[in-house]
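[1] Generate coordinates for the sequence data below:
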Amino acid sequence: MRKAFCLASMTVLATVAVADDTPTNPNPPDSVKAARELVARKDYRGAIPLLVDAAQKQPRDADIQNLLGFSYRKTGDLDRAFRHYNEALRLNPGHLGAHEYIGEAYVMKGDLPRAGEHLRHLERLCGTGCEEYRDLAKSIAAARQAGR
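    Coordinates of the predicted model:
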């Protein structure tokens, strides 16, 4: 119990609200800045090569992995999306954006129990009032209402 509490405490302390729109790296590479602009214009396919290049140069950047997962999810490539979200969460287990977005991917896949696991992670990390929690909760509720 003590070990689990210590690990959870370290995760929370090491992680401040880190969503894809609030990067932890204040000076991302130019390719990430350009990719963010493409994502803002919903040109996910155009952003992917820039993000792949950035991920190769900065393999320990959870924000890049999260944005790659987001871009792949938006193009419908859930396998690659899951791979990058899981890498973002391996690098930063408290990454709010990655928990929200992997939950969204599970909703798309129809796996609401797994989406709910990430919703519970978000509740522990930031409560029920944070944007990531609210957005994922809405997606899960909509999928349940649609009978998925």
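
[2] any idea how far residue 62 is from residue 68?
    11 Å (C-beta to C-beta, to the nearest Å). Every residue, glycine included, has its C-beta placed from N, CA and C.

[3] Work out for me the element the spatially most central residue of the chain sits within.
    What sits nearest the mean C-alpha location of the chain, by C-alpha atoms, centre = their mean, is residue 98, with 1.6 Å. According to DSSP states H and E, residue 98 maps onto helix 96-109.

[4] Now do the helices in the chain.
    Secondary structure of the chain (DSSP state H): helices located at 2-14, 30-40, 44-57, 62-74, 78-91, 96-109, 112-126, 131-145.

[5] Worst mean pLDDT among those?
    Here the lowest mean pLDDT among those goes to helix 2-14, at a mean of 36.

[6] Just the CA coordinates for stretch 115-125, please, in PDB.
    C-alpha atoms of stretch 115-125 as PDB (Å, rounded to 0.1, in the frame of the first residue of the first chain):
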ATOM      1  CA  ALA A 115     -12.100   4.200 -22.000                       C
ATOM      2  CA  GLY A 116     -13.500   4.300 -18.500                       C
ATOM      3  CA  GLU A 117     -10.100   3.200 -17.100                       C
ATOM      4  CA  HIS A 118      -8.500   6.400 -18.600                       C
ATOM      5  CA  LEU A 119     -11.400   8.500 -17.300                       C
ATOM      6  CA  ARG A 120     -10.700   7.200 -13.800                       C
ATOM      7  CA  HIS A 121      -7.000   8.000 -14.300                       C
ATOM      8  CA  LEU A 122      -8.000  11.500 -15.200                       C
ATOM      9  CA  GLU A 123     -10.200  11.800 -12.200                       C
ATOM     10  CA  ARG A 124      -7.300  10.800  -9.900                       C
ATOM     11  CA  LEU A 125      -4.900  13.200 -11.700                       C
END
